[in-house]
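Asks: Sequence plus the predicted model coming up.
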Amino acid sequence: MIRLLGGIGAQVLAMLAVIGRVTLYALLTLRHLVTPPFYAREFGSALLQIGWLSLPVVGLTAFFTGGALALQIYAGGSRFDAEAVVPQIVAIGMVRELGPVLVGLMIAARVTSSIAAEIATMKVTEQIDALVTLSTHPMKYLTVPRVLAAFVTVPLLVGIGDIIGIFGGYTVAVRSLGFNASTYLQNTVDFLEPLDLISSLVKGAAFGVIAALMGCYSGMNSGRGAQGVGRATKSSVEAASVLILAANFLLTGVFFSI
């Protein structure tokens, strides 16, 4: 019994230690964000990698999710003669929840893993030590541009994903379910409120920061060798995904439980 409690206590302490290290890393990133120098070239490259190159996977994910959501709502609503609510529920479902969360998880899968693997490989091959030798702070050069780029681009990706997801639902509803096109669009516009759009973009910014920060943290703290790179990549995606879902729950409570 004592051995069991000791094992549980050790796990809890280890988890708290990780939370503390991640928090300190985030605070250091914030401090370096507001102090020079700023590496514009790295920032531009991160904008391209996180934003532009993520558009295809985000667009396809959102489109098929919106279409599937329309089919599910129509099938469920038909049991209560409530098929007409399809445009409203697709719009609010995509903008409030599915759009931000799916984009955040796709960014975690695509960007967080890439950042962690890249920085971990730099650590294994001693490129980070070379940066220190050249009087370049690794956090300023590697972490700050990626976190700032994610903060800027992921809300834009969420907005685009919301639009494409609603269009996916519109396409299925008009082409397959017999909805009138103009009526569907009008119902969508009338039902959404400014707070829905604001919450979606705020969630996108938060999820982007989480995804980039966890990728950088895991890469910077990876072990040596190929196994260290693999573990860093895996742990970064796991941590980013769980934190994104937790942040979504908290932000939803803040925005819609007032």
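Replies: Received the coordinates, thanks. Numbers count the residues shown, from 1 in each chain.
Asks: Would you mind writing the CA trace of stretch 57-71 as PDB?
Replies: What follows is stretch 57-71, C-alpha atoms only, in PDB (Å, rounded to 0.1, in the frame of the first residue of the first chain):
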ATOM      1  CA  VAL A  57      -5.200  20.300 -44.600                       C
ATOM      2  CA  VAL A  58      -7.300  22.800 -42.700                       C
ATOM      3  CA  GLY A  59      -9.600  23.500 -45.600                       C
ATOM      4  CA  LEU A  60     -10.200  19.800 -46.400                       C
ATOM      5  CA  THR A  61     -10.800  19.000 -42.700                       C
ATOM      6  CA  ALA A  62     -13.300  21.800 -42.300                       C
ATOM      7  CA  PHE A  63     -15.100  21.100 -45.500                       C
ATOM      8  CA  PHE A  64     -15.800  17.400 -44.800                       C
ATOM      9  CA  THR A  65     -16.600  18.100 -41.200                       C
ATOM     10  CA  GLY A  66     -19.200  20.700 -42.200                       C
ATOM     11  CA  GLY A  67     -20.700  18.400 -44.700                       C
ATOM     12  CA  ALA A  68     -20.900  15.500 -42.200                       C
ATOM     13  CA  LEU A  69     -22.300  17.800 -39.600                       C
ATOM     14  CA  ALA A  70     -25.100  18.800 -41.900                       C
ATOM     15  CA  LEU A  71     -26.000  15.200 -42.600                       C
END
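Asks: May I see the buried residues of that stretch?
Replies: Of the residues in stretch 57-71, 58-59, 61-63, 65-67, 69-71 count as buried by neighbour count, 16 or more other Cβ atoms under 10 Å. Placement of C-beta: from N, CA and C, glycine included.
Asks: One more: stretch 17-26?
Replies: Neighbour-count burial for stretch 17-26 flags 22, 25-26 (criterion: 16+ other Cβ under 10 Å).
Asks: got the end-to-end distance for stretch 131-147?
Replies: Stretch 131-147 has an end-to-end distance of 19 Å (Cα to Cα, to the nearest Å).
Asks: got the buried residues for that stretch?
Replies: Going by neighbour count (16+ other Cβ under 10 Å), the buried part of stretch 131-147 is 131, 138-147.
Asks: Next: stretch 220-231.
Replies: By neighbour count, with 16+ other Cβ under 10 Å as the criterion, the buried positions of stretch 220-231 are 220-222, 228-229, 231.
Asks: Ok, stretch 106-119 next?
Replies: For stretch 106-119, a neighbour-count test (16+ other Cβ under 10 Å) marks 106-108, 110-119 as buried.
Asks: Run the chain-centre distance for it.
Replies: Stretch 106-119 has its C-alpha centroid displaced from the chain centroid by 11 Å (Cα atoms, centre = their mean, to the nearest Å).
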